[in-house]
Every structure is written in structure tokens, then in C-alpha cells.
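1. Quick one, fold the following:
(one chain, ligands or ions: 1)
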Amino acid sequence: MSRARILKGAGALGAAALGAGYVQRLPKKEDHHLAWSQSMSTRLYSDFALPWILQMDPETAHTLTLRCGELVQVLHAMLPNTVPMQWLLKPGVAAPQGPSLQQRLMGLAFDSPVGIAAGFDKNALLVPLYRRGFLGLGFAEIGSVSARAAAGNAKPRCWRIPSDEVVVNAMGLNNEGAEAIAEKLRSLKVEGHQGRPVGVNIAKTHDPNILGAAAVEDFATSFRLLAPLADFVVLNVSCPNTTEGKTFEEPAALAELLGAVGRTRKALAEKVPVLVKLMATADDQAGRQTQRELLQVIEDAGFVEGLVISNTVKNPEAKLSKKGREEANAIGKGGVSGRVIHKRSVAAIRSAYQATGGRLTIIGVGGTDSAEAAYEKIRAGASLVEVYTGLVYKGPGLLEDLQTGLQRLLERDGFDSLQQDFARKVLPKWDTWLGKNLLGKKLL
Ligand SMILES: Cc1cc2nc3c(=O)[nH]c(=O)nc-3n(C[C@H](O)[C@H](O)[C@H](O)COP(=O)(O)O)c2cc1C
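-> Take a look at the predicted model:
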């Protein structure tokens, strides 16, 4: 045999051994409960894409992700019924024979409880993809959008701490402004509100000079422009990255804001569901008291149908590893997101659910990076879950994993569907024995 043939054979054998070794290292279905295609996509993402992404500036990587989404949108418009497009839009998730993940909440139909959190798509770039259930997404929340366009804080304003799988952001509510986003949504509304729900998250314009009555009017302006074009509106009163600090997280200021939004909503022809996005208050007596005061105001407003819990956690308050804390201290500002805030979000969801007796629909968000984490939020009282930072570290395969994983966990625990009152069934008995919630109102 010639030398060249021997070398060729050895090369092929080596490549086959490497390939076999790689496939061998893929998580097994029994270990990680992932379908083969999911483990493959997750492993390819973490082995090949993530190291490359981590070399990039976080904002550049994010812009590139949005551009890829826009490209898929264009390709979909050109080749709607091709196999890759069908696969992207309808991966093998939420198997019809498994426990049902469908729910009807706030008058809206959710085919899947998994959605995209605010901040991912501040300028409503990928709405057609969300509407079509891209990668199995059940819904999305765009924004935050403010009445006036805002450039946000000076760069750098977004950092990753890979040791803790965390993102620290001090973006400062950069967005194109309510008028421009409304124009975009209006052009898409030709198709009507068809498809999966898309909510709009609104926040006060990031300008420290807009305070008091002007701040309330600023919010009301965004609501007036955007509510008619949204399936639901989220009032973001908990952004930790504003120069003016706390604005609407004080009960009196929140009451004033909800009063104005309530009046604006009344004047609109369509009564869109409104949710309030809260911070993850500390899991202690003082934190629960603060949350209860805000919830009382929200209940009293009479029209709020849900809560989004939670926003990012202020940098100094996030529990990080020693290395992570050193990096976070060097950054010195911003809000922390990612798996380290999961427990705190769960505690805040549970206390809000208990305080309101499950009257409000809760969207659980904060550090969801596995089906187990999503399930914990649902068991604590959330009906829906949103992800952001998990996607950075786990890749798009996470969306499929959350859905198939939730079905597996429901099946394991003997539930045949994800129902609106799911948390009530699994909460400690003493909570329902009381017969009324902690705000003194009867359980529904
Ligand atoms: C870069 C970045 C920008 C964000 N911008 C917004 C925003 O504009 N409005 C908002 O309500 N939340 C915003 N968030 C918070 C997320 O919606 C979410 O509440 C938080 O990141 C926790 O979820 P996660 O751990 O899954 O990322 C942002 C988060 C990140 C990481």
C-alpha cells in the first residue's frame, strides 16, 4: 500500500474517532432529558458558538443576533414553505400527546408558556417571527419603549460574567420612541392581532428632568400610542438603570401612575390587558412588606390583570461567586440577570402569588436557563415564563428544551395540563386553608 493511501486512511480513521468521541460526549437523553436534536444544538452552541460570541462585545453580539433574526424573517417571506423554515418555525416541541401547555390567560390564547423577555427586542424588529411562534415561542414582550426616543447610557453599558453565566446591563432604556415603534407595529397590524401574543413593555423616557406629573404624562403618552397595537401592555416601573433612581416603585407614585394609565385605558376602544413589571424584592420581612404595599396599590387600581416578576437585580444585591463579585464590583453599576437571580425571582413570585391569592396572572422571569427552573417558577405561581440571559449562555435550543422539559416534568408529577390555577394545586395547604389572601381579599 502506498504511503499516501496509508496516510489518507489514518486521517479518515482519526476524523471518525474524533467525530465518534464528540457524539459520545453529547448529553444522553436519560441524563439531560433532551431530545437528540436539542442536545446536538445545545452542545454545538456551547462548544462552537459561545466561545466565539464571548469574544465579541455583548452589544455587538446582540445586534448580530437581531440581524440574524431579520435575515430569517426575509428568508421566510421569500421561501415560506421550505423545510428549513418549517423547522425553524415549528420545531418538534410541545408534542400533542404530552401534557398540554396551552392556556387562556387575560383573554389571550397561549400555545406555549415560554416567551421572550423585554430588552431583547427593544425596537420591535422581529414581531412577525414572534407572531409565527419562531422556535416554538409562545409569546414575546418587546420594549421597553418610552414616549420619547432615548440613546440610553454611554457605552460600555453591557457586560457578561461567564463564570456565573450572568449579564450586567446599564443600558438606560435606549429605544426609538413610542411614535416610531407605533408606526412599525401599525404597518404589521395589517394582518391583525393574528398569531401568538406580542406585548409591549413601556417605561418612562430616560431623562432625569422628566419627573412627577410630567413622568406620569410621559407613561400615559406611550400607553395611548401603543396599547391599541399590543396584545398586552407591561408597565415597567422597576428599571434599575435610570439616573433619577426610583420613580414609580413608591406606593404613592405608583398609585398616581396607575390612575393616569387607568383613565387613558378607559378612553381607548379596546381594553388591552395591563401588567406591572416589578423588581424582585428581597426574600425577607422588609422585602415582602415592600412588595405587599405595591401589590395593594395594584389591586386597588382595579384594572391591572397581571405582574411580570422580575426585573434585573441591582448589582450590589446580586449573590455571585467570589470571582463573579470581583468582576461585578469592577463594573460597579447596572442590573444583574441570569441564573444567580432565579431563586430571588421565585421567592418574589411566590410571595406575590400568595399575597394576591392567584388573582393576577404572573409572568415569571429571571435566570430561567432550564426546564427545572421554569417549572419552579410555575409551581411558585407563574403562569408564563420569559427568558433572556439564558439564551445568551444556552443558545436558542433552550426554547425547545423549556417546552419539552416542562411537558416531561408535568407528566412526572401526574398533571395532564398546565392550568391557570396550577400553582394553587401545589402550594402548601396552609396557604389555601386561610381561605383568603394576605391582602385580605377572598381567594377567587
Ligand atoms: C441587556 C438587557 C436589557 C434589558 N432591557 C430591559 C428593558 O428595556 N425593559 C425591561 O423591562 N427589562 C429589561 N431587561 C430585563 C429582562 O427583561 C429580565 O427581566 C431580566 O433580564 C431577568 O431575566 P433573565 O435572567 O432571563 O435575563 C433587560 C435585560 C438585559 C439583560
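
2. Could you tell me which residues of the stretch 1-150 of the chain lie near the ligand?
-> For the stretch 1-150 of the chain, the contact set with the ligand under Cβ under 6 Å from any ligand atom comprises 117, 118, 119, 122, 143, 144. The C-beta positions use only the backbone N, C-alpha and C, and glycine is treated the same way.

3. Just give the closest residue to the fifth one, not the sequence neighbours.
-> The shortest distance from residue 143 to any residue other than its chain neighbours is 3.5 Å, reached at residue 201 (Cβ to Cβ, 6 or more residues apart in numbering).

4. Can you pull the phi/psi pair for the one you found?
-> In terms of degrees, to the nearest 10, the main-chain angles of residue 201 are phi -100, psi 120.

5. wait, it sits on residue 276?
-> No: under the criterion of Cβ atoms under 8 Å, residue 201 is not in contact with residue 276, lying 10.6 Å apart.

6. which residues do the two both contact?
-> Both residue 201 and residue 276 are contacted by 234, 308, under the criterion Cβ atoms under 8 Å, 6 or more residues apart in numbering.

7. show me the contacts for the nearest residue to residue 321 once chain neighbours are set aside.
-> Nearest residue to residue 321, sequence neighbours excluded (Cβ to Cβ, 6+ apart): residue 164, at 5.5 Å. Residues near residue 164 by Cβ under 8 Å, 6+ apart: 320, 321, 323, 324, 338, 339, 340.

8. So residue 164 versus residue 317, what's the distance?
-> Distance of residue 164 to residue 317, given as Cβ to Cβ, to the nearest Å: 14 Å.

9. Show me where the stretch 251-400 of the chain has its helices.
-> Counting by DSSP state H, counting those that start in this stretch, the stretch 251-400 of the chain has these helices, from start to end: 251-267, 285-301, 322-331, 342-356, 371-380, 389-394, 397-412.

10. picking that back up, intersect the contacts of residue 164 with the contacts of the ligand.
-> The subset of the contacts of residue 164 within reach of the ligand, by Cβ under 6 Å from any ligand atom, is residue 338.

11. nearest to the ligand, of the contacts of residue 164?
-> Comparing the contacts of residue 164 against the ligand with Cβ to the nearest ligand atom places residue 338 closest, at 4.9 Å.

12. The closest one contacts residue 169, doesn't it?
-> No: applying Cβ under 8 Å, one finds residue 338 not in contact with residue 169, separated by 10.6 Å.

13. hang on, the earlier thing: between the contacts of residue 164, which sits nearest residue 102?
-> Closest approach to residue 102 among the contacts of residue 164 (Cβ to Cβ): residue 339, at 27.6 Å.

14. Let me see the confidence value for the closest one.
-> Per-residue confidence (pLDDT) for residue 339: 95.

15. What separation is there between it and residue 152?
-> From residue 339 across to residue 152, the span is 25 Å (Cβ to Cβ).

16. Please name the residues that touch whichever residue of the stretch 101-250 of the chain sits closest to the ligand.
-> Nearest residue of the stretch 101-250 of the chain to the ligand (Cβ to the nearest ligand atom) works out as residue 119 at 2.3 Å. When contacts are counted by Cβ under 8 Å, 6+ apart, residue 119 touches 143, 144, 169, 171, 388.

17. Confirm the second one sits in a helix?
-> No: when the secondary structure is assigned by DSSP: H, G, I helix; E, B strand; the rest coil, residue 144 falls in strand instead of a helix.

18. any chance of the helices of the stretch 251-400 of the chain in CSV, with mean pLDDT too?
-> Below are the helices of the stretch 251-400 of the chain laid out as CSV (pLDDT from 0 to 100):
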stretch, mean pLDDT
helix 251-267, 96
helix 285-301, 95
helix 322-331, 97
helix 342-356, 95
helix 371-380, 94
helix 389-394, 96
helix 397-412, 90
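
19. Would you map the strands across the chain?
-> 103-105, 108-110, 114-116, 139-145, 158-161, 166-169, 198-202, 232-236, 274-278, 304-309, 313-314, 335-338, 361-365, 384-387 (DSSP state E).

20. pLDDT averaged over the first one - what is it?
-> Taken as a whole, strand 103-105 has a mean pLDDT of 93.

21. Any regions of the stretch 101-250 of the chain where pLDDT drops low?
-> Within the stretch 101-250 of the chain, the ranges that satisfy pLDDT under 70 run 189-193, 241-246.

22. residue of the stretch 201-350 of the chain with the smallest distance to the ligand?
-> Nearest residue of the stretch 201-350 of the chain to the ligand: residue 337, at 3.2 Å (Cβ to the nearest ligand atom).
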